[in-house]
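Student: Provided below for reference: sequence and predicted model.
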Amino acid sequence: MESLEYVNLDLTVAELDPGIFVVTASGELDVWSAPKLDEQLQSLVHEAVGSLIVDLSAVPLIDSVVLGVLLRHSKRLRAAGKELVLVTDDPRTVRVIEITGLDHLFQMKPSLADALNVGGAA
């Protein structure tokens, strides 16, 4: 497991099985920390064999820059027959994704256990 500190964001990457990755973010995920998330997802997109899970449970709010990062990687994964799965049950984060109309581009699950049952991540 690897932990990366950036601004007020902590990213932890865990490989649960070969090719099954969970990126757990905690702290502020905004314009200042989005490049670190982007870099981390970039490094995992080709290694993931099914779903790439991004756990946002400990992130209080995401902004439009972060949505752009998630959208770009979701499109890349879908083109390869994979899924980007977001873990969050925070109504603020869910609402931001719904308001922007991106809820149809991401799998959203309320818990990591639910996310692990999506698209080859189980």
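Tutor: Cool, the structure landed.

Student: for the chain, what spans make up the helices?
Tutor: 34-45, 64-79, 91-99, 112-115 (DSSP state H).

Student: reformat these as a markdown table; add distance to Val13.
Tutor: In this view, the C-beta of every residue, glycine as well, is placed from N, C-alpha and C. Conversion of the helices of the chain to a markdown table gives the following (distance: least, CB to CB, whole Å):
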| stretch | distance to Val13 |
| --- | --- |
| helix 34-45 | 6 |
| helix 64-79 | 14 |
| helix 91-99 | 20 |
| helix 112-115 | 14 |
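
Student: show me where pLDDT drops low in the chain?
Tutor: 1-7, 119-122 (pLDDT under 70).

Student: with adjacent residues omitted, what lies nearest to the most centrally placed residue in it?
Tutor: Computing the C-alpha centroid of the chain and ranking residues by CA atoms, centre = their mean puts Val54 first, at 2.5 Å. Counting by CB to CB, 6 or more residues apart in numbering, Val23 is the residue found nearest to Val54 once chain neighbours are left out, at 5.0 Å.

Student: okay, and the beta partners of the one you found?
Tutor: Val13, Val54 (DSSP bridges).

Student: please give me every residue in contact with it.
Tutor: 11-13, 37, 40-41, 44, 52-55 (CB atoms under 8 Å, 6 or more residues apart in numbering).
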